[in-house]
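[1] Sequence first, predicted model second:
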Amino acid sequence: MSPDLLTITIDRLAFGGAGVGRHEGKAVFVTGAFPGDTVLARVEKDKKRHAEASVAQVITPSPSRREPLCPHANSCGGCPWISLEYPAQLEWKREIVTEQLRRIGKVECFVAPVEPSPLELGYRSRVRMKMDNDGSAVYLGFRVKGLYGSMAPVTACPVSNGKVNVILGELRQYLSTVAGKVKEVYEVEIETGLPEEKGRVTLLSFGTVGEEVAPGMLSACPSVGGVSVKEGRGALKSWGAVELAMEVGLAEPLKFGPGVFSQVNPAGNLKLVEKVTRFAQLKNYETALDLYCGNGNIALPLAMGGADITGVESGIEAVRYAEINRVRLGIASARFIQGDSAHMATKMAEEGKRFDVIVLDPPRGGAKGLMPTVARLAGRRVIYVSCDPPSLARDAGDLVAQGFDLHKAVPVDMFPQTSHVEVVAVFNRLV
């Protein structure tokens, strides 16, 4: 494949979001292209089995292509599908999940239509932005497409909720007034909860941040309720009300502090939790084990019906907040263990423990090698929540080999305008 510029017609979308076409029989993955596009593609890497390219020009646009919904779309790399109509995004996410399960996991099952996000825009409750500082002004933004270490300044982010954008404006103005005291800050995290009350800001710095910066932010930024600062490898220091709340369909929202994971799409998370609790079908005398349980996002709703729930989580602060939430909600049938989920699951299996239902929501890398242990622990059902179709497919194949059937996979769109998708996979024991 010698020409640097190729005319390619795009047939499908691959995992990762690139459009796929062919040139002289070789697959070409074209970033920024969509099915139905005919594009002039600039070859970036020509490999033995495939080539990687970017769009130099759209010759004939796909019927599903639209004008981007963000003024920063041509520079910011955060929302690569924002120029693709939302129904087409959902259709292709379903195709990607199906293809990954079939190709990697060697399993066939019913993949449901993707559950749409309640909000196509304004859904993100948390963003992490890079920060540039010229000594007199501060600039916040996201990584430029394809350029590691670069930054595209952003004045507002359409996929972030209203409170995040208000805080972004307040923060840019305030930090510029103290630019000399935040010279080594390289990232800023803005977080809000559901409901959207005052938010939390975390500054990540290579070195010292001026002592007056955090208290000054609380005074100068009305929408910021709490500030945390991490200097190098030092401990996190906090000022103000740093706890946030997240609705999960219970009588009161769950609380979580700095460094505790929360889903970025709170409205989508409500749908996710509802599906897991419905698919679990737990009766009040049954038991469940929730691995990678965080602050109780799934475990506590599962326990509301009276079933006996054990949650396992490695993060000390997450477990502390899970217990705080359990006490606040008055749930006596849940308990939380701090420890590595794989290690604790193995220990429980060696002790001969068994649970009617296993729920696991691992990080992006999945739970490699853990499925034989999960099979030993699980009674009738396993519910696997995944944000990464390839790792889900790998683990699904392993669990099927242990005597389980992948009954169904239900994608939930937690990340509109991107190729990412959450999947709730339901496995039933066959033997």
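    Perfect, thanks for sending it.

[2] Name the spans of the stretch 51-200 of the chain whose pLDDT lies under the cut-off.
    In the predicted model of the stretch 51-200 of the chain, residues 146-149 satisfy pLDDT under 70.

[3] Do you have the helices of it handy? List them.
    Using DSSP state H, counting those that start in this stretch, the helices of the stretch 51-200 of the chain run over 86-103, 162-177.

[4] right, and the ones you listed - which one's nearest Ser314?
    helix 86-103 (26.4 Å; Cβ to Cβ). To be clear about C-beta, it is placed using only N, CA and C from the backbone, and glycine gets the same treatment.

[5] Show me how far the closest one is from its chain's centre.
    Centre-to-centre, helix 86-103 and its host chain are 17 Å apart (Cα atoms, centre = their mean, to the nearest Å).

[6] and it, what does it pack onto?
    Contact analysis of helix 86-103 by 3 or more Cβ pairs under 8 Å, 6 or more residues apart in numbering; DSSP states H and E lists strand 5-13, strand 110-111, helix 389-400, strand 404-412 as its packing neighbours.

[7] contacting residues around the first one?
    The contact list for strand 5-13 (Cβ atoms under 8 Å, 6 or more residues apart in numbering) reads 19-23, 28, 30, 33-43, 53, 56, 59, 62, 92, 95-96, 419.

[8] Provide the strand pairings for the helix or strand following that strand, with the direction of each partner.
    The helix or strand immediately downstream of strand 5-13 is strand 19-23, counting by DSSP states H and E. Its sheet considered, strand 19-23 pairs with strand 5-13 (antiparallel), strand 26-31 (antiparallel) by DSSP bridges.

[9] So for the shortest one, what gets flagged as buried?
    Within strand 26-31, the residues that qualify as buried are 28-31, counting by 16 or more other Cβ atoms under 10 Å.

[10] Also the longest one?
    Applying a neighbour-count criterion of 16+ other Cβ under 10 Å, the buried positions in strand 5-13 are 6, 8-10, 13.

[11] Next, format the residues you listed as JSON lines and append distance to Gly397 and pLDDT.
    Converted to JSON lines, the buried residues of strand 5-13 look like this (distance: Cβ to Cβ, whole Å; pLDDT from 0 to 100):
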{"residue": "Leu6", "distance to Gly397": "35", "pLDDT": "92"}
{"residue": "Ile8", "distance to Gly397": "32", "pLDDT": "95"}
{"residue": "Thr9", "distance to Gly397": "33", "pLDDT": "97"}
{"residue": "Ile10", "distance to Gly397": "29", "pLDDT": "97"}
{"residue": "Leu13", "distance to Gly397": "23", "pLDDT": "97"}
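
[12] From those residues, pick the one nearest Ala334.
    For the buried residues of strand 5-13, with Ala334 as the reference and Cβ to Cβ as the criterion, the closest is Leu13, at 40.3 Å.

[13] could you measure the closest one against Ser386, distance?
    Going from Leu13 to Ser386 by Cβ to Cβ, to the nearest Å gives 19 Å.

[14] So the residue nearest to Ala345 when sequence neighbours are not counted, which state does it fall into?
    Leaving aside its chain neighbours, Ala345 sits nearest to Thr373 (5.1 Å; criterion: Cβ to Cβ, 6 or more residues apart in numbering). On the three-state scheme (DSSP: H, G, I helix; E, B strand; the rest coil), Thr373 is labelled helix.

[15] For Thr373, which residues are in contact?
    Counting by Cβ under 8 Å, 6+ apart, Thr373 has contacts 342, 345-346, 349.

[16] where does Lys271 fall, phi/psi-wise?
    phi -70, psi -40 (degrees, to the nearest 10).

[17] Quick check: it touching Leu119?
    No - contact criterion Cβ atoms under 8 Å: Lys271 and Leu119 do not qualify, at 11.3 Å.

[18] Looking only at neighbour counts, state which of those two leads.
    Taking neighbours as other Cβ atoms under 10 Å, Lys271 and Leu119 compare with Lys271 leading, 21 against 15.

[19] For the more buried one, list the residues it contacts.
    115, 118, 412.

[20] Can you tell me the closest non-neighbouring residue to Glu274?
    Gly249 (6.4 Å).

[21] Make TSV out of the helices of the stretch 51-200 of the chain and add distance to Arg126 and mean neighbour count.
    Output for the helices of the stretch 51-200 of the chain, formatted as TSV (distance: least, Cβ to Cβ, whole Å; neighbours: other Cβ atoms under 10 Å):
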stretch	distance to Arg126	mean neighbour count
helix 86-103	21	20
helix 162-177	8	19
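
[22] Pipe the ones you listed into a markdown table and attach distance to Gly199 per row.
    Shown next, in a markdown table, are those (distance: least, Cβ to Cβ, whole Å):
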| stretch | distance to Gly199 |
| --- | --- |
| helix 86-103 | 27 |
| helix 162-177 | 5 |
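
[23] Go through the ones you listed and name the closest to Lys408.
    Nearest of the helices of the stretch 51-200 of the chain (Cβ to Cβ): helix 86-103, 11.0 Å.

[24] and the angle for that closest one with strand 404-412?
    Helix 86-103 and strand 404-412 meet at an angle of 160 degrees, taking axes from the mean of the first three to the mean of the last three Cα atoms, to 10 degrees as the criterion.

[25] Need the residues that contact helix 86-103.
    So helix 86-103 is contacted by 12-15, 34-35, 64, 81, 84, 107-109, 111-114, 116, 120, 389-390, 392-393, 396, 406, 409, 411, 413, 416-417, 419, 421, 423 (Cβ under 8 Å, 6+ apart).

[26] Just the buried ones out of the residues you listed, please.
    13-15, 34-35, 64, 81, 84, 107, 109, 111-112, 114, 116, 120, 389-390, 392-393, 396, 406, 409, 411, 413, 416-417, 419, 421, 423.

[27] Let me see the contact set for Glu212.
    178, 181.

[28] change it to 6 Å
    By Cβ atoms under 6 Å, 6 or more residues apart in numbering, the contact list for Glu212 is empty.

[29] can you tell which of the helices of the stretch 51-200 of the chain is closest to Glu211?
    helix 162-177 (15.3 Å).

[30] Gln402 and Val431, how far apart?
    When Gln402 is compared with Val431 (using Cβ to Cβ), they lie 9 Å apart.

[31] and those two? which has more neighbours close in?
    When Gln402 and Val431 are compared for neighbours, Gln402 comes out ahead with 18 against 7, by other Cβ under 10 Å.

[32] Tell me how many other residues surround the nearest residue to that one once chain neighbours are set aside.
    Take Gln402 and drop its neighbours on the chain: the residue closest to it by Cβ to Cβ, 6+ apart is Ala375, 3.6 Å away. Look at Ala375: counted by other Cβ under 10 Å, it has 21 neighbours.
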